[in-house]
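> turn this into a model:
(4 chains)
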4 protein chains.
Amino acid sequence: MVNFCSDNVVGAAPEILAALAAVNEGAAMPYGDDEVTARLRDRFREVFETDCQVFPVATGTAANVLGLSVMTPPYGAIDCHRDSHINVDECGGPELYTGGAKLVALPGADAKLAAGPLAEVLAQGGAGVVHHVQPAAISLSQATEAGAVYRPEEVAAIAELARQHGLGLQMDGARFANAVAFLDCSPAEASWKAGVDVLAFGATKNGCLCAEAVVVFKPELAETLEYRRKRGGHLFSKMRFLSAQLEAYLADDLWLRLARQANAQAKALAQGLAALPGAELLHPVEANEIFVRLPGALAEALRARGFAFYDWPAGGPGAIRLIAAFNTPAEAVQAFLEAARAEAEAGQRQSA
Amino acid sequence: MVNFCSDNVVGAAPEILAALAAVNEGAAMPYGDDEVTARLRDRFREVFETDCQVFPVATGTAANVLGLSVMTPPYGAIDCHRDSHINVDECGGPELYTGGAKLVALPGADAKLAAGPLAEVLAQGGAGVVHHVQPAAISLSQATEAGAVYRPEEVAAIAELARQHGLGLQMDGARFANAVAFLDCSPAEASWKAGVDVLAFGATKNGCLCAEAVVVFKPELAETLEYRRKRGGHLFSKMRFLSAQLEAYLADDLWLRLARQANAQAKALAQGLAALPGAELLHPVEANEIFVRLPGALAEALRARGFAFYDWPAGGPGAIRLIAAFNTPAEAVQAFLEAARAEAEAGQRQSA
Amino acid sequence: MVNFCSDNVVGAAPEILAALAAVNEGAAMPYGDDEVTARLRDRFREVFETDCQVFPVATGTAANVLGLSVMTPPYGAIDCHRDSHINVDECGGPELYTGGAKLVALPGADAKLAAGPLAEVLAQGGAGVVHHVQPAAISLSQATEAGAVYRPEEVAAIAELARQHGLGLQMDGARFANAVAFLDCSPAEASWKAGVDVLAFGATKNGCLCAEAVVVFKPELAETLEYRRKRGGHLFSKMRFLSAQLEAYLADDLWLRLARQANAQAKALAQGLAALPGAELLHPVEANEIFVRLPGALAEALRARGFAFYDWPAGGPGAIRLIAAFNTPAEAVQAFLEAARAEAEAGQRQSA
Amino acid sequence: MVNFCSDNVVGAAPEILAALAAVNEGAAMPYGDDEVTARLRDRFREVFETDCQVFPVATGTAANVLGLSVMTPPYGAIDCHRDSHINVDECGGPELYTGGAKLVALPGADAKLAAGPLAEVLAQGGAGVVHHVQPAAISLSQATEAGAVYRPEEVAAIAELARQHGLGLQMDGARFANAVAFLDCSPAEASWKAGVDVLAFGATKNGCLCAEAVVVFKPELAETLEYRRKRGGHLFSKMRFLSAQLEAYLADDLWLRLARQANAQAKALAQGLAALPGAELLHPVEANEIFVRLPGALAEALRARGFAFYDWPAGGPGAIRLIAAFNTPAEAVQAFLEAARAEAEAGQRQSA
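The predicted structure is shown next:
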């Protein structure tokens, strides 16, 4: 069975698994006082070309909520897209870690926030009015939940708003690798140079077993993060096993290589599907996610042939989501497209 | 260098690492809807001989605080030993996950709670008085933070108190394997048969990379746990990698074999150290932790020879803590004891 | 100066003040164990014709958030109107008291939720999906923040949805008296008979100094409320002074008499303003709030004459909000309307 | 019946009630934007001889928890006496408002913390260790829960510790008036001049209906307090009624006059009881609370005669607590003492 449900249905890249074995021998001080983690911090500083602070954690939700928690007081508000992972898919995690802040769920095409509408929201945002939660942070998903990618200048425009209003800018980078691969820019350009304060640097979806990092670009925001990580239960005792995943992920640009593979297969899928009569892409395919409305009963027919993917009811009847992973074989994509073409033709004959 | 600082300074058992590679191939549905996790649930039910609910997580703090959160309302109180991990070493994690419950820190020899004093505390516990936090849970560490092990009848006496007062009974089993190995009883006898409602089943310290499980023996306590785990950021997307560790850990009683090895080396250490003139064990050595007061400058001398361990100021001058891990070599223990004997003799000659 | 800014800019009714003096003599046990509070509980049961539980508090926010807190777990969701007080004007109070629940902000004409759209929201509400906050409660404001009043059958239709989905139904009754006065129904019909589980029964705006009551119609929801009130800092030691306000408020239907006065003046204001050329009521005036768009610079001209009221930017240019209080004199209303007519005429002459 | 149970069993002073009526007329902007509150702020600055920030609230718990919340992060620790109101009698309020901080319950004679032992606690307080909650605040009750009064130099010694360790110093001044009356010093000397950062200035027990104030002596600690007060549900809409109580309370030193009356009657009670054969004062009587162990069945005999007071089990058999209020009549005290002498004699005859 070929499974396009998500990039988390696949396993880990062999390089990542090998790294676990490689650091297994010998004693290492726990909780991050080990050599692997020390090296990892340096490596992140190289990759991001700045003196950032790095906090490895095991899940994307942990990375997001910890990042938000250092910039948002309990009476604060976080502006985010209404489809964002933090708003929809973390079961109230941001609220837990901030002590009850409010997520302000905003619209926006392709699950993107745009500086223009956001400026209007902030202009009436209630800053200084005691009855209202106080604007504290903006959160962007890169790539977005609709598979689109913010251009650095788009991020910068939002960061400028954040600066004007005294807000933090957090980036949910669960698919940061896919975004950087698409943008073909430096990690720095996609993050702190565009004004991002804290990045949830994702790695699990793109080849790790369980590894993300909170990357903090403003030193003052890092001061309390280690206590928050600990009390959240996210400080690993055998930290070397988290750090080793990330170290291998960053080594020799493995992370970008894997992301490029995923993006390439996603692009192939998108082009193939878009060419089907009656099919329509719902969002630009810039990273590794494809949202497409298929005609008639095509989705069902493909599922009956053993392909797995999610229906996407928000996209209307026939809409589905496909995600290509770092190790999705080109053959699987071609098999899927051939099946789609065959079924589409059969469907047309039937309806003719 | 031989490192006795903790059982989390060592790596993982080879069987556990191998299990990660073994489950890496192919697609698996995320968030626990995979076959490995399904098998694991069955395996836990076999091992514990009851229809328990199992929630894998990556850290011991996560396992503790999630277990406590389902039995303690925000206005609740948790009775625990003042030296317990939840009170001292989780940076307020229980408070975060319960929404602000209070930990009532109680004394007790060898870091154990005893039913007698606990009954007195509960008799004046403020139940029903609106001004006071309401008694909600009792938490026991097995083995304790002083290396002692509760006998099933000790647990049962405390569980009877919990029942009388309508409290939940949580067990911090970060070293549950070491305790069961010492008791030579069944896991069921050490847990639910003695009245434990929720167990934090530890595995990281005893050979896993990062794997614990919240094991819930009362179905009604499990109902909300999955939401709490998710919003805490503890639901793994690639859950198979957590479950595989635990599956291998439970397979063929690996967990007990590893714990017996650690306990045996701890016993050897304890016996060797106790025989030194002027040395004194501070607590019974029943699991894999040794607390010992060494005469004069012996601790420093051993450290100078390259042995690593923690000072234990609470035990007075010269007190140290040693922990044997699942893979602590007998040779390392013997080398340490020989060095200790040599240094002790040298010390005596000097002071003579 | 005549002040129409809010019904909280006025003082207290003389009957309420007199009640404070009347209960001042002698000793009374604190924290609600006094005779006044005992009588008040009975009085509420008479007024609401059912065996409700009553918890006096001093503010409307306290009454709302405590009521919500007993029906909403930390991982829960509360469906409410996007303009509701709990969503906009309590600075995250519901989030604090629920431990981080999420308010789902919904649209709806006249700040009302309607059963139809709500049913759709609930149908996709994520119940049982671990990633999503779990639907837990629905909150209605009676009267609404736009001055409209839910008919009992409208409440009942929403209550039926709540029942189907296992949700609690909370009513923010900051202006419950005005709503009941408008509906000319019994308090029971406007609350529990229509399916309301917990009512924040407002009294401050309608003649008290500082008194509201959480009225709980489902006994099981009352069990933990007293602990939550205490830890929130809302349990008065000299409770008689809260209870006496509410007792006097309910005596001889004072509360309805005061509300009818406010509603009558609001109606007079609305009719007078609606008759002005170019003026437009933005919402039906059913309680004591008027939202009206005034032509040209009329609002400014009236303000220059010494009348106080709020601009209402959400209603567009020229929109204002006026609120009539329990003691707003008919003369003040007439003076305002005369001034408005005079200024409107002058404005027309100018533009002619 | 004469009731010595607490200083909250009595009503309000006539001056306070009169003040409510005096501010009732006319419109006043809500939420503290009124003239009474503006005057009150100035008055507090006069009384405390410094540019403090003042936040009126209705309960002592609210005043305490809000004060603590601005100096204690969620991962923080608050050092307090184990008998302190915040630790025992606020049902977890500090935990709620701080987002889950830990109260470190310390011993100390007469419910006082002393600088010496506190210095030791802080020396091992875990500052900077990620596993431990981080020392954030010290809280003192003035007068203490045992009726003792900190001397300014005692407070200053503790404040010096707070300064050294970077902690805030909060004072629970539920009986601050009684303490100042006893000390015969200025309010400034008893608070900020001794190093207090935030004072919960009590007034309810000493003659108000429901009025306390959070008085903040460090401007930076006041910045977020208004948002925390609002979301806690403690911002009064008709604020003038809170402020008027406090204004009258401070006018012409009414507060000190009332406190002196209470203290004087407490002293008379203490002296009379101490003279009884077999009676023993458990704590120095410095404010208005008396803790005394009475011989034999004396307590019961007095209760049978219609005097009300609390048993104090912590003081051993026969121990009771009496509290004199601002309006406790000298005759009531004398009647009580005469009854006590008569019953004591009768008791002695019986046992002879």
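> ok, so what distance separates the closest residue to chain B within the stretch 151-300 of chain A from chain D?
Nearest to chain B in the stretch 151-300 of chain A, going by CB to the nearest CB, is residue A:233, at a distance of 3.4 Å. (C-beta placed from N, C-alpha, C; glycine too.) From residue A:233 across to chain D, the span is 12 Å (CB to the nearest CB, to the nearest Å).
> what does residue A:274 give?
For residue A:274 relative to chain D (CB to the nearest CB), the value is 49 Å.
> can you confirm residue A:193 is in a helix?
Yes. Under DSSP: H, G, I helix; E, B strand; the rest coil, residue A:193 sits within a helix.
> and it, what does it touch?
A:152, A:186 (CB atoms under 8 Å, 6 or more residues apart in numbering or on different chains).
> next: the one 10 residues further on.
Applying CB under 8 Å, 6+ apart, one finds that residue A:203 lies in contact with A:177, A:211-213, A:245-246, A:249, A:255.
> name the nearest residue to residue A:12, ignoring sequence neighbours.
Leaving aside its chain neighbours, residue A:12 sits nearest to residue A:209 (4.6 Å; criterion: CB to CB, 6 or more residues apart in numbering or on different chains).
> pull the most distant pair out of the contacts of residue A:203.
A:177 and A:245 (13.5 Å; CB to CB).
> which helices and strands sit right next to whatever helix or strand residue A:333 lives in?
Taking DSSP states H and E as the definition, residue A:333 sits inside helix A:330-351. Counting contacts by 3 or more CB pairs under 8 Å, 6 or more residues apart in numbering or on different chains; DSSP states H and E, helix A:330-351 packs against strand A:2-3, helix A:254-274, helix A:298-304.
> out of the ones you listed, which one sits most buried?
helix A:254-274 (a mean of 21; mean count of other CB atoms under 10 Å in any protein chain shown).
> would you confirm that residue A:17 contacts residue B:23?
No. Here residue A:17 does not reach residue B:23: they are 10.6 Å apart, not a contact under CB atoms under 8 Å.
> what is in contact with the two at once?
By CB under 8 Å, 6+ apart, no residue touches both residue A:17 and residue B:23.
> around chain C, pick out the residues from the stretch 1-150 of chain A.
The interface of the stretch 1-150 of chain A toward chain C, taken as CB under 8 Å from any CB of the partner chain, is made up of A:74-76, A:88-92, A:95-96, A:98-103, A:105, A:124, A:130-134.
> cool, the stretch 251-352 of chain A as well?
residue A:313.
> cutoff 10 Å now
A:313-314 (CB under 10 Å from any CB of the partner chain).
> out of the residues of the stretch 1-150 of chain A next to chain C, which end up buried?
Those of those that meet the buried threshold are A:74-76, A:88-92, A:95-96, A:98-103, A:105, A:130-134, by 16 or more other CB atoms under 10 Å in any protein chain shown.
> where does the stretch 1-150 of chain A have low pLDDT?
A:1 (pLDDT under 70).
> can you pull out the helices in it?
In the stretch 1-150 of chain A, the helices defined using DSSP state H, counting those that start in this stretch lie at A:14-22, A:35-48, A:60-69, A:85-88, A:93-98, A:115-123.
> got these as JSON lines, with distance to chain D columns?
JSON lines is the format used below for the helices of the stretch 1-150 of chain A (distance: least, CB to the nearest CB, whole Å):
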{"stretch": "helix A:14-22", "distance to chain D": "24"}
{"stretch": "helix A:35-48", "distance to chain D": "13"}
{"stretch": "helix A:60-69", "distance to chain D": "9"}
{"stretch": "helix A:85-88", "distance to chain D": "19"}
{"stretch": "helix A:93-98", "distance to chain D": "9"}
{"stretch": "helix A:115-123", "distance to chain D": "18"}
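> quick one: the residue nearest to residue A:12 from chain D, how far?
According to CB to the nearest CB, residue A:209 stands 24 Å off from chain D.
> pull the contacting residues for that residue.
A:11-13, A:16-17, A:20, A:58, A:203, A:241-242, A:245, B:20, B:23-24, B:209-210, B:236-238, B:240-242, B:244 (CB atoms under 10 Å, 6 or more residues apart in numbering or on different chains).
> what residues are up against residue A:293?
Contacts of residue A:293 (CB under 10 Å, 6+ apart): A:273, A:278-282, A:299, A:312, A:315-320.
> ok, residue A:301 next?
The neighbours of residue A:301, taking CB under 10 Å, 6+ apart as the test, are A:294, A:307, A:339-340, A:342-344, A:346-347.
> try 6 Å
residue A:343 (CB atoms under 6 Å, 6 or more residues apart in numbering or on different chains).
> in the stretch 101-250 of chain A, what residue lies closest to chain D?
Counting by CB to the nearest CB, the stretch 101-250 of chain A gets nearest chain D through residue A:227, at 4.0 Å.
> ok, that residue - contacts?
B:91, D:75.
> could you rerun that using 10 Å?
So residue A:227 contacts A:235, B:91-92, D:73-76, D:128-134 (CB under 10 Å, 6+ apart).
> for residue A:104, same thing?
Residue A:104 neighbours (CB under 10 Å, 6+ apart): A:77-80, A:82, A:87, A:121-122, A:125, A:133, A:135, A:137-138, C:105.
> cool, and residue A:271?
Counted by CB under 10 Å, 6+ apart, residue A:271 has contacts A:281, A:285, A:290, A:337.
> just the ones of those in helices?
residue A:337 (DSSP state H).
> for chain C, state which of the contacts of residue A:271 is nearest.
Closest to chain C, out of all of those and judged by CB to the nearest CB, is residue A:290, at 20.8 Å.
> on that earlier part again, tell me how far whichever strand or helix holds the residue of the stretch 101-250 of chain A closest to chain D lies from the chain's centre.
Following DSSP H and E, one finds residue A:227 within helix A:225-231. Distance of helix A:225-231 from its chain centroid, counting by CA atoms, centre = their mean, to the nearest Å, is 22 Å.
> give me the mean pLDDT for it.
For helix A:225-231, mean pLDDT is 98.
> re earlier: show me whatever sits in contact with both of residue A:177 and residue A:245.
Contacts common to residue A:177 and residue A:245, judged by CB under 10 Å, 6+ apart, are A:203, A:207.
> enumerate the residues of the stretch 101-250 of chain A near chain D.
A:128-134, A:224, A:226-232, A:235.
> try it again at 7 Å.
A:130-131, A:134, A:224, A:226-228, A:230-231, A:235 (CB under 7 Å from any CB of the partner chain).
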